[in-house]
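Visitor: here is my input; please provide its structure:
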Amino acid sequence: MRVDFRLMKPLLALILLGVSQFSYAHQMRVFAFVEGKDVIGETYFVGGGKVASATIELIRNDSVLATATSDSDGNFVFKNVEADSYQIKADGGQGHQAKFAIDSSEFPFTATENKPSRVSSVEANNTAVNNGACNQPNNAELQQAIAHAIRPLRSQIEQYEAKTRFRDIAGGIGFIFGFFGLFVLVTRKKA
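Guide: From the prediction side, this is the model:
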């Protein structure tokens, strides 16, 4: 059986292009959340390694507002950020980049939203006592406490979704065998 090697190069190029989509080795991820007025985040590689000394940019409307560098554990902080929608861009060097979006709804309520309505102090005291709301936290404190409580869960979910699973590997191997089968079929028909 004689094999036509002119088809080998284009077919090999197609296989390599197809397989490169399934390559997640050293894919970098960034995760950020709002805690109070601060944006706190972390950078890591899929598979668990932290990205130290990554350049992190806080972007709003295609404009870089602030820049930070991740520490040895991959953590970073932007302090006193006003409530708005942002894009976090991380650059770990050597082509490793990642982005994460923060929506304005993740920020705690602003001070103007927490102002009580204009009610007489006697009426306000009676209402507070009747409702048992004497020592209740305001909305901003409550939202900050909830955000702090669910932060570890959000981080774990983000890292779980980033992991390469067995089905991803099996899919990549199946993809390679499929192309090989196609190659064998084409070469047999020509022979």
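
Visitor: going forward, measure contacts and count neighbours with C-alpha atoms only.
Guide: Will do.

Visitor: quick one, domains of this protein?
Guide: Per the record, the chain has its domains at 1-24+166-191, 26-109+136-163, by automatic domain parsing.

Visitor: let me see the mean pLDDT of the longest one.
Guide: Okay, so that is domain 26-109+136-163. Taken as a whole, domain 26-109+136-163 has an average pLDDT of 84.

Visitor: what about Glu158, how many residues nearby?
Guide: By other Cα atoms under 10 Å, 14 other residues sit near Glu158.

Visitor: and the helices in this structure, which stretches?
Guide: For the chain, helices defined by DSSP state H occupy the ranges 8-20, 121-131, 139-162, 166-190.

Visitor: so which elements touch the longest one?
Guide: The criterion is 3 or more Cα pairs under 8 Å, 6 or more residues apart in numbering; DSSP states H and E, and the helices and strands that helix 166-190 contacts are helix 8-20.

Visitor: check contacts around Val50.
Guide: Actually, residue 50 is Lys rather than Val. By Cα atoms under 8 Å, 6 or more residues apart in numbering, the contact set of Lys50 is Thr43, Tyr44, Ser72, Asp73, Gly74.

Visitor: separation between it and Phe183?
Guide: Distance from Lys50 to Phe183, counting by Cα to Cα, to the nearest Å: 41 Å.

Visitor: what's the answer for Gly49, then?
Guide: Gly49 is 38 Å from Phe183, by Cα to Cα.

Visitor: next one: Gln94
Guide: 35 Å.

Visitor: out of those two, which sits in the busier spot?
Guide: Phe183 (15 against 6).

Visitor: tell me how far the more buried one lies from Pro10.
Guide: Distance of Phe183 to Pro10, computed by Cα to Cα: 11 Å.

Visitor: Ile176 now?
Guide: Distance, Ile176 to Pro10, by Cα to Cα: 15 Å.

Visitor: of these two, which one has the most company?
Guide: A count of neighbours by other Cα under 10 Å puts Ile176 above the other of Ile176 and Pro10, at 16 against 11.

Visitor: which of the contacts of Lys50 fall in strands?
Guide: Counted as lying in strands by DSSP state E, out of those, are Thr43, Tyr44.

Visitor: tell me which residues in stretch 72-84 are buried?
Guide: Neighbour counts using 16 or more other Cα atoms under 10 Å place Gly74, Asn75, Phe76, Val77, Phe78, Val81, Ala83 of stretch 72-84 among the buried residues.
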